[in-house]
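quick one: sequence and predicted model below, then my questions.
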Amino acid sequence: MKKLEDMIGETIGAIVPTLHDHERVIQRLVLHGVEPYGIWVESQTITDMGLELVGLQSASKTMIVLLPWDKILMIFSSLDVPSLSEKRFGIT
């Protein structure tokens, strides 16, 4: 398993309720940095929120934000092995 620091530049998934009203929505985030107090990320959701806040349709730079650890419920990555739903295959 890779450490989070080794995933910088990669797309990860996370449940971040402050980015969405529902706690079970996985946000796609590009990881830009890992700090003791949170992670630096970019995403389309963050871009849309930022542009709306400043009243623009586009910007010459992409916004990244620091998500504090206490605002992140879960972080998802993946392994290079197949996965399946045991419930849907009738295994459980």
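In hand now; what should we look at?

point to the residue nearest the middle of the protein.
Leu29 (3.4 Å; Cα atoms, centre = their mean).

phi, psi of that residue?
Note on Leu29: backbone dihedrals following degrees, to the nearest 10 are phi -130, psi 140.

test my guess that it contacts Glu10.
No: with contact defined as Cβ atoms under 8 Å, Leu29 does not reach Glu10; the gap is 9.6 Å. In short, each C-beta sits where N, CA and C put it, glycine included.

quick one on the thing from earlier: look up the closest residue to the residue nearest to the centre of the chain, ignoring the ones flanking it.
Val41 (4.1 Å; Cβ to Cβ, 6 or more residues apart in numbering).

helices or strands up against whichever strand or helix holds the one you found?
Per DSSP states H and E, Val41 falls inside strand 38-42. Counting contacts by 3 or more Cβ pairs under 8 Å, 6 or more residues apart in numbering; DSSP states H and E, strand 38-42 packs against strand 26-35, strand 65-68.

list the contacts of the host helix or strand of Leu53.
Leu53 is part of helix 44-54, with elements assigned from DSSP H and E. Here helix 44-54 makes contact (Cβ atoms under 8 Å, 6 or more residues apart in numbering) with Leu19, His20, Gln27, Arg28, Gln57, Ser58, Ala59, Thr62, Met63, Ile64, Val65.

can you give the distance of it from its chain's centre?
15 Å (Cα atoms, centre = their mean, to the nearest Å).

got the angle between that helix and strand 26-35?
For helix 44-54 against strand 26-35, the angle by axes from the mean of the first three to the mean of the last three Cα atoms, to 10 degrees is 80 degrees.
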